[in-house]
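K.L.:
Let me see the structure of the following:
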Amino acid sequence: MGKINGCLKCLFIFFNVLFAIVGCVLMYLAVKATAISISITSFGGPGLGWLWVIAIGVLGISCLGIFAAASEKILILKLFAGFMGLGMLIMLIFGIVVAVIRNKVAEGFKAASSEYIKPIMEAQETQAMLEELQRSAYCCGVVSAEDWGTNIPDSCECSSYGISTGCKSLPQGHTGPKRIYSRSCGDTIFSLVDIVFKVCLGILFGFAVTALLGLLITLLMIHQVNRHDGAGGPSIAMKGY
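P.N.:
Residues are numbered from 1 along each chain as shown. As a prediction, this is how the structure comes out:
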C-alpha cells in the first residue's frame, strides 16, 4: 500500500502529464519560430528566449511533479512544492507588471497626439489595417481625421445620418468625402489591444491559481507521507529471557 492516497496521486500525475504535454507543444513552437525570431531580432524585435525558458520550465517542473508523486519521496515532494510556490509568485509579479503596462498604454492612447501617430501612419500595412477598421467601426483616424494629412480616404465617408457615431463635414483644406465620421478609432484600437492584455492577465493569474492548487496538493501529500512514516516506524524487538 502506498503512502499517498491513490486517487489523489492519480489526479496529481494526470494534471502534471497535461502540463508536460503543454511544455512539449511550447518547445515545438519555439523550434519552429527560431528562424523567424532570427529575422525579427535583426530588425530590433524581441527574441524568443523567454519562450524557451517557459517551455523548459513547464516541462521540467511537470516531470518533477510526476516523479515526486510516483516515488513518494519527501525530499522530491518538498522540492516540487518549492517550485510551485516560486512559480506562483513569479506569475503574480508578471500579472501585476502586465496590469501596470496596460494602464500606461491606456494613458498613452488618451494622451496621444497627431505628431506621435504620424510615424505610425507612414507604413502602408498600418494604413491598410486602419482603413479596414474605419469601415467596420465607423470611425476615422487614430486620434482624429487629420492623422491622414490633407487626403482623407473614402473609408472615412459617413454616408448615413442615422449612424450613432455621428458625422461631420470635411475639414477645410482637405480632400476626400464631403462628410466623414466624427469619432476617432483610438478607443476601438485600444479595446482590441485591451483584449490581448486581458488574455495575458487571465493566463498569468490562471497559472498562479494552478500553482497554488499544486502547492496545496503537494503539501497534503507531504503530510500523508510524514504520517505514514511516523506511524510505520521500525518497532523495537523485545529480547527473550
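
K.L.:
any chance you could map the helices in this structure?
P.N.:
6-32, 34-41, 49-71, 74-111, 114-121, 124-137, 186-231 (DSSP state H).

K.L.:
other SSEs contacting the third one?
P.N.:
Right, helix 49-71. helix 6-32, helix 74-111, helix 186-231 (3 or more Cβ pairs under 8 Å, 6 or more residues apart in numbering; DSSP states H and E). Placement of C-beta: from N, CA and C, glycine included.

K.L.:
quick one: low-confidence parts of the chain?
P.N.:
Scanning the chain for pLDDT under 70 picks out 1, 33-51, 110-116, 118-119, 160-165, 231-241.

K.L.:
cutoff 80 now
P.N.:
1-2, 30, 32-54, 105-126, 143, 159-166, 186-187, 229-241 (pLDDT under 80).

K.L.:
His223 and Val209, how far apart?
P.N.:
Per Cβ to Cβ, to the nearest Å, His223 is found 21 Å from Val209.

K.L.:
no, scratch that, I was asking about Lys73
P.N.:
As judged by Cβ to Cβ, Lys73 and Val209 stand 27 Å apart.

K.L.:
Check Arg179 too.
P.N.:
According to Cβ to Cβ, Arg179 and Val209 sit 51 Å apart.

K.L.:
which residue ends up closest to the midpoint of this protein in space?
P.N.:
Closest to where the C-alpha atoms of the chain average out (Cα atoms, centre = their mean) is Cys200, at 2.5 Å.

K.L.:
how about the nearest residue to it, chain neighbours excluded?
P.N.:
Val98 (5.3 Å; Cβ to Cβ, 6 or more residues apart in numbering).

K.L.:
what does Val58 give?
P.N.:
Nearest residue to Val58 in three dimensions, chain neighbours excluded: Gly23, at 3.7 Å (Cβ to Cβ, 6+ apart).

K.L.:
ok, now Gly173?
P.N.:
Going by Cβ to Cβ, 6+ apart, Gly173 has Thr150 as its nearest residue, at 6.2 Å.

K.L.:
and that neighbour, how many residues sit next to it?
P.N.:
Per other Cβ atoms under 10 Å, the neighbour tally for Thr150 reads 10.

K.L.:
Angles on the backbone of it, please.
P.N.:
Note on Thr150: its backbone torsions stand at phi -90, psi -10 [degrees, to the nearest 10].

K.L.:
Show the contacting residues for it.
P.N.:
Going by Cβ atoms under 8 Å, 6 or more residues apart in numbering, Thr150 touches 173-175.

K.L.:
Of the helices of the chain, flag the one that's most buried.
P.N.:
Per-stretch averages of neighbours, counted by mean count of other Cβ atoms under 10 Å, single out helix 49-71 among these, with a mean of 17.

K.L.:
hmm, back to that, out of the contacts of Thr150, grab the one that's most surrounded.
P.N.:
Highest neighbour count within those: His174, with 15 neighbours (other Cβ under 10 Å).

K.L.:
That one and Asn151 touch, don't they?
P.N.:
Yes - His174 is within contact range of Asn151, at 7.3 Å (criterion: Cβ atoms under 8 Å).
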